[in-house]
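Engineer: got a structure for you, letters missing:
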């Protein structure tokens, strides 16, 4: 339950900085009062935990089915309808497997690492605006906090690699550290482009700002500023791929080179934490990109004013966000089952020689665009 | 070592590094996903850069050569399946040719044609594994399953002709265990047509993939001279730009009656003899194999009639004292059988020269200086089968 | 190329040209000069046998050794007679596709031994290790003469004709 504490703390913290923002839970319990704040934090945590656990389950199923289709095989289709419950069955299996800690491992760090990685990821879910009001925490510094929580996983991974006392794990951790630190530069710059365009750090306000326009898509950042925001979106997507350790940037685990990289020594429930984290972060970073560049929950061709207000509209909006994010996740899956893995020096080259300069050009271009 | 005690001279600044670095020694294998079996390579690495590599082999050593001295000539055939288990037909063939040359057996032409078809089919199957696992080594999973899709058909073709899917034991000294069943040749031709189409998929999916090219070009370059010095044969030698194929330069069976090209590495993507060249030689060979198979089927059906596929030979083969060496072009290079007989029904000495064994010996020479990710790419491009290295 | 011509090129290092009793005629070369012969085979433009295919050892034990082996006693090293072991070198020319078989009958001092040719053909390194492992032939000047296929603490050399099969290995019964 180590993993439960940091997200709760993060949500609590974020609520503290919440200021004037609106959120479903605040409305429910009333802002201001200490107990109301606490209750909304608890409920918010419960919702976040549920969403953050359910989505990866869905995505593992999707990944296996999609990859099955791509490879001309069936994929899981036995447990439940279309094999949907397969991931649950696997989760149960992992939970009951022996949790092995190698004799010479650094026990405390070894045990802490997976929890830390997962905790950061779950906490970050609280910051995603699924609709105008379906947001657990609408922190004014949302983007900033999200980037911070995303980079928390590098700590966990390096910890895992070091504590395992396995050379392959260590190599994986070193790769992760190098890769993550490098790719945070283009990622940060691209996020800055969004911040610059909307003059806010709140993801909810960004999404709101992208409503309306031509066919309700005209205000999406990639269409509003196609010259610079679109390349920035591509750069961001690549950087986020690297950030989530997805192919072709899956060097930290590189199963054909480093056996299994940083989680070589993990088994059972601890391994499943890493596994969940990967799929949770896939959704998370996609949602981030969607909120910033692809109009958040706004429904194309359907002006926001038509459906605002009702609970149904909120649910529809949340579904739209999930569908949009899933489209990006699908591309991630697609890439993974198509591309070979890049070598570490090529990863660095790509980051410093291509992505970072492009991101900078886009940033300066956006400045010009906004001042024009 | 920098002396920490020494005081820097007046007016100079000295940077004292209080960091001791040590090369890391890593065991790659015997249980590692990319060593294609139980190969163990002890790598000394400075970060990700390999400074030395020492391969250890022999984990599945069965001393097939000793077994050959203890069983009769026919009984040894199943053991030949098991050294290069991905190309069992070619192993059968190499062994049978050696015994036939020693015993002066006359093989019926129909058996020879079917042998050629089987050998080439197995070459395709073996190269498909090389293709698939090479993608796997570099992190692309899907080509592996694409390769297996066609390999499955190839194996079912073998299943139809001999009942087995991996260890065929189909060829025996003197000929074949049985003739091809009805309709088999037609299906072989259908397979060739479909395969040629599917080959383009592999080309688009992996061969011309930008990342794949970046991972394999200029990596693990083996110059022609070095390749010869280390006794490399097969696609590894041809990948280095040496046009040498036993089927062409010293034709056995009826290889002199069919026309085919010998693909060689040309440095299309980078340097001659890099991983991409070795890989592409294999890919190009598969197309040549289908070309050979088509001609074989045509000639076999035109020239022979069903029936005779076994030479007349005594029930227990006894070979008068002699010695022979027969090399055949296996998917991985020259498979040699050096057979010494002494008039009994068992071999006096049988030496099996496995191509993987020789090809692998170049590993310590080319790995240093590359990265760990490259090591995987290089070992994969050499395409070893540990069953044959260890025999 | 005719075997006689090759023998002529190699000069007096060739002891014998054998064409009888074998399907692949071969040359018997003086053991002490094998390195020089190998270098000549590779470098001489008219020979150009640039690829070492394999190095094989063979054991031709005299009658007494065989008799003892039947009773389950391997011959001690000191009883190994000169000429009992042969080394067979298979060479190949990638230019002409021609093959050359050279043989060396090993002299015997303390153990069957020969000069290593790994300086001439790096490929020989592993072949010689294999011959050492399976037949117990020593190679002088080999950079790293260890067992290669059998494990390091294996007893005996399996391909010798007087090899006695072990009854057990590290407590694992082989019966």
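Structural biologist: Perfect, I can see it now. These figures come from a predicted structure and were not determined experimentally. Numbering: from 1, shown residues only, chains lettered A, B, ... in the order given.
Engineer: show me where the stretch 101-250 of chain A has helices.
Structural biologist: With DSSP state H, counting those that start in this stretch as the criterion, the stretch 101-250 of chain A has helices at A:107-125, A:142-150, A:152-163, A:167-198, A:203-209, A:221-224, A:226-243.
Engineer: hmm, residue B:277 is touching residue B:283, no?
Structural biologist: No: under the contact definition of CB atoms under 8 Å, residue B:277 does not touch residue B:283, with a separation of 10.6 Å. Where C-beta positions appear, they are placed from N, C-alpha and C, glycine not excepted.
Engineer: re the thing from before, which one of the helices of the stretch 101-250 of chain A lies nearest to residue A:339?
Structural biologist: Closest to residue A:339 of the helices of the stretch 101-250 of chain A, according to CB to CB: helix A:226-243, at 10.2 Å.
Engineer: of all residues in chain A, which one is nearest the centre?
Structural biologist: residue A:284 (2.2 Å; CA atoms, centre = their mean).
Engineer: what is the orientation angle of the strand or helix carrying it with helix A:167-198?
Structural biologist: Per DSSP states H and E, residue A:284 falls inside helix A:268-293. Note on geometry: by axes from the mean of the first three to the mean of the last three CA atoms, to 10 degrees, helix A:268-293 and helix A:167-198 are set 20 degrees apart in direction.
Engineer: which parts of helix A:268-293 are buried?
Structural biologist: A:270-293 (16 or more other CB atoms under 10 Å in any protein chain shown).
Engineer: and that helix, does that touch chain B?
Structural biologist: No: with CB under 8 Å from any CB of the partner chain as the criterion, chain B is not reached by helix A:268-293; the gap is at least 15.5 Å.
Engineer: list of residues touching the strand or helix carrying residue B:356?
Structural biologist: Element membership for residue B:356, per DSSP H and E: helix B:355-360. Residues from elsewhere that reach helix B:355-360 (CB atoms under 8 Å, 6 or more residues apart in numbering or on different chains): B:39, B:55, B:57, B:84, B:230-234, B:236, B:330, B:332-335, B:382-386, B:388-389, B:391, C:54, C:123, C:126-127, C:130.
Engineer: and the residues you listed, which are buried?
Structural biologist: B:39, B:55, B:57, B:84, B:230-234, B:236, B:330, B:332-335, B:382-386, B:388-389, B:391, C:54, C:123, C:126-127, C:130.
Engineer: can you tell me the closest non-neighbouring residue to the residue nearest to the centre of chain A?
Structural biologist: residue A:124 (5.4 Å; CB to CB, 6 or more residues apart in numbering or on different chains).
Engineer: before we move on, what about residue B:271?
Structural biologist: residue B:221 (4.8 Å).
Engineer: and the helix holding residue A:284, what's its mean pLDDT?
Structural biologist: What helix A:268-293 shows for mean pLDDT is 87.
Engineer: also stretch A:226-246?
Structural biologist: Stretch A:226-246 comes out at a mean pLDDT of 88.
Engineer: now it, how far from the centre of its chain.
Structural biologist: 13 Å (CA atoms, centre = their mean, to the nearest Å).
Engineer: equivalent analysis for stretch B:140-154, please.
Structural biologist: 17 Å.
Engineer: next, the buried residues of it.
Structural biologist: So stretch B:140-154, judged by 16+ other CB under 10 Å, has buried residues B:140-151, B:153-154.
Engineer: quick one: contacts for the nearest residue to residue A:314 once chain neighbours are set aside?
Structural biologist: Excluding its sequence neighbours, the residue lying closest to residue A:314 (CB to CB, 6+ apart) is residue A:131, at 4.4 Å. Counting by CB under 8 Å, 6+ apart, residue A:131 makes contact with A:297, A:313, A:314, A:315, A:317, A:318, A:321.
Engineer: burial measure for residue A:156, as a count.
Structural biologist: Each residue near residue A:156 was counted by other CB atoms under 10 Å in any protein chain shown, and the total is 26.
Engineer: thought residue A:110 was touching it, still the case?
Structural biologist: No: applying CB under 8 Å as the test, residue A:156 and residue A:110 come out as separate, 11.1 Å apart.
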